[in-house]
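Enquirer: give me the fold of what follows.
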Amino acid sequence: MGTRCYIGRLKADGSVEAFYVQLNGMPSETGKTLKRSYRTAAQIDALFRRGSIDWLADTPEESPLNRWTPGEVDGFTDPKHYLDSMGVMIALVYLHDGHKWQVSNNPHGKNAAFKDLR
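Expert: Presented below is the predicted three-dimensional model:
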């Protein structure tokens, strides 16, 4: 499916780095893969070295680079800025807070917030 999302991680200084995912962004797909395959710092680091992808696979090498923004990683000042920066075409926003994965399925509007990914 064409459900677009961003995957981000909170850095030690409170900023967020994130990248775009073109397809399959739903929690039943991307969320499930994040929880299953990207649990350790080393796995998450490898994913962020890959950058923007078409869809998320169980390993970064299996995740095809996005043809419009291959390998790009964007920076945001903090989680609120991360959410506030999402355009209307982005359906979901994921964030690793250093301990667990979180998701916002409403990244638009004043009540946008993250909740633990189940």
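Enquirer: now for the helix ranked longest in the chain, which elements pack on it?
Expert: The residue-count maximum for a helix in the chain (DSSP state H) belongs to helix 41-50. Packing partners of helix 41-50 (3 or more CB pairs under 8 Å, 6 or more residues apart in numbering; DSSP states H and E): strand 5-10, strand 16-21. No exception for glycine: its C-beta is placed from N, CA and C like everyone else's.
Enquirer: pick the most buried one from these.
Expert: Mean neighbour count (mean count of other CB atoms under 10 Å) peaks for strand 5-10 among these, with a mean of 25.
Enquirer: extract the C-alpha trace of that strand and format it as CSV.
Expert: Output of strand 5-10 as CSV, limited to C-alpha atoms (Å, rounded to 0.1, in the frame of the first residue of the first chain):
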residue,chain,number,x,y,z
CYS,A,5,5.6,7.4,7.0
TYR,A,6,8.8,8.7,8.7
ILE,A,7,11.0,6.7,11.0
GLY,A,8,13.0,8.7,13.5
ARG,A,9,15.1,8.4,16.6
LEU,A,10,15.7,10.7,19.5
